[in-house]
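>>> Mind folding the following:
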Amino acid sequence: MDETLRKSGEAVRRKVLGDDYVDRAMNNADSFSAPFQDVLNEYCWGAAWTDDGLDLKQRSLLNLGMLAALNRMHEFGIHFRGAIRNGLTDDELRAALVQIAVYCGIPAGVEAFRSPARSATRCARRESSDFPGLKEGAARRCFKSPEDEKVSSTSRSHDGTGMGPGQKTKNDNKGNHRMKRLTKISAAAASLAVALAAVPANAGAVLDRVMAAKDLKVATDANWAPQSFMNEKNELDGFDIDVAKDIGKRLGVKVEFVTPGWDIITAGNWAGRWDMHVGSMTPTKKRAEIFDFPAVYYYTPAAVAVHKDSKATKFSDLDGKVVGTTATSTFEAYAKGDLTLDAAGAPPFKYEFKPKEVKSYANSTTAFDDLRLGDGTRLDAVVSSLPSILDAVKAGYPIKQIGDPVFYEPLAIAIEHGDKELNDKIAEAVKGMQSDGTLSKLSVKWYGVDYTVVK
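A predicted model of the protein is given here:
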């Protein structure tokens, strides 16, 4: 490996995508995927992005076109924000998206506008209580480049151009007619796409598609026993899997599972890749900005595990220690002292310890893998769901629970905003599972206790 190239690549990656994104990607990597992060930094960002043949703005435009054509809309959203960090203006971005619509097809154009528009829309809604659509410049206010942050508001003219009233550049009249025409086309395309993205989907659109195809795509985790995991037959199994299958049965459709990363699921912008998430999501107010929660289907205690050789016997023994958690989870928020449990039915809690460092993992299992190496070797403790800790102990992990559960959380099924009919159908199915005892039986089957009622 060329260490110089890797470091220069990582530096460019941070400049384009931001430190938070890169830190999350690299910290979430486990022993299996960490080498791929090195490949990304050395070859993708080092060999390609540091080449002098194109500047960063040009590379961003190329990436937007290619990712839209490949329908990689999650990556498209990441690089849209990167394009703004690289200095592309609203006009340049709009023109690029119109070009995408012309050469890749209107559906690709709609998705291209939809991806950045969803985040920008949420920002614009906060700016205007009577929001009728995406406000001018909202994308730049939501995704500021480092240069934007440095510009003082006093240095801008009233119209935001940086020039005083009546001032013109010497090229203002050149090609004016062509630019007006492009602006009209761009505005029309932008308005159509943003309307589709910002306004909730036509009532029943997702449900109609599901019922027509007789197929319900469900996102979940492939490595989070006993909620969801791959069994000895290489099939997804677990409590969440059984719950999703029963919902599908009550809707009269087959269930198809997909297993994206937790951070991808919770980011929203599913773009039709799956229809529903059954994976123990806490229905917080912040997440409710993106999702609807048709039903809470069980309540789980969060607990703390240490290595069996650990001398820690009480929570205060973990002060100043290294604690592992699942990235972007309530467990991570608790360990960092930043947990807000504002979901209905969530009992109060308090922070029992203050770690020196919180390490984030793709899931609890990879955190347990590091904890099992020895007391303090990589981790001193892991915060996770009590069922996951007990399942790891059952599987032979040399770990143990200390203390009582640190908090309890209601866990819900999630769908994206915009389809009340789908929401109501799922809510009806879960209510039926509660009424006929199916949920309780599934909980006892997988956990040995009934977690479907508040303790």
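>>> Would you mind giving the domain segments of this structure?
Using automatic domain parsing, the domain ranges for the chain come out as 3-127+137-145+177-198, 205-296+412-447, 298-409.
>>> can you tell me the distance between the two ends of the last one?
Okay, so that is domain 298-409. End-to-end distance of domain 298-409 (CA to CA, to the nearest Å): 9 Å.
>>> Could you tell me the average pLDDT over that domain, please?
Across domain 298-409, pLDDT averages out at 93.
>>> Just say helix, strand or coil for Lys354.
Secondary structure for Lys354, judged by DSSP: H, G, I helix; E, B strand; the rest coil, is coil.
>>> Tell me how many other residues surround it.
15 (other CB atoms under 10 Å). For every residue, glycine as well, the C-beta is placed using N, CA and C.
>>> My guess is it contacts Ala335. True?
No: counting by CB atoms under 8 Å, Lys354 stays clear of Ala335, with 9.3 Å between them.
>>> tell me the phi and psi of the residue nearest to the spatial centre of the chain?
Geometric centre of the chain, nearest residue: Ala267, 2.4 Å, by CA atoms, centre = their mean. Ala267 adopts backbone torsions of phi -80, psi -20, taken as degrees, to the nearest 10.
>>> pull the helix or strand with minimum mean pLDDT from the protein.
Among the helical and strand segments of the chain, the one scoring lowest on mean pLDDT, DSSP states H and E is helix 146-150, with a mean of 39.
>>> Looks to me like Glu256 is in a strand.
Yes: counting by three-state DSSP, one finds Glu256 located in a strand.
>>> what residues are up against it?
Asp215, Leu216, Lys217, Val218 (CB atoms under 8 Å, 6 or more residues apart in numbering).
>>> which one is the last one nearest to, not counting chain neighbours?
Distances taken as CB to CB, 6 or more residues apart in numbering put Ala244 closest to Val218, at 4.6 Å, once the chain neighbours are dropped.
>>> can you give me phi and psi for that neighbour?
Torsion angles, degrees, to the nearest 10, at Ala244: phi -60, psi -40.
>>> and it, how far is that from Ile413?
8 Å (CB to CB, to the nearest Å).
>>> How about Asp263?
As defined by CB to CB, Asp263 lies at a distance of 19 Å from Ile413.
>>> Looking at those two, which has the bigger crowd around it?
Shown here are Asp263 and Ile413; by other CB under 10 Å, Ile413 has more neighbours (28 against 17).
>>> so that one, which of the three states?
Once three-state DSSP is applied, Ile413 turns out strand.
>>> is it in a bridge, and if so with what?
Ala295 (DSSP bridges).
>>> quick one, what contacts the nearest residue to Arg14 once chain neighbours are set aside?
Once flanking residues are discounted, Arg14 sits nearest to Val22: 5.0 Å by CB to CB, 6+ apart. The contact partners of Val22, taken as CB under 8 Å, 6+ apart, are Glu10, Arg13, Arg14.
>>> Same check on Lys15?
Leu56, Arg85.
>>> Surely it forms part of a helix?
Yes: looking at Lys15 with three-state DSSP, it is inside a helix.
>>> if we can go back for a sec, go through the contacts of Val22 and give me the one with the most neighbours.
Arg13 (23 neighbours).
>>> measure it to Tyr361 for me?
Going from Arg13 to Tyr361 by CB to CB gives 21 Å.
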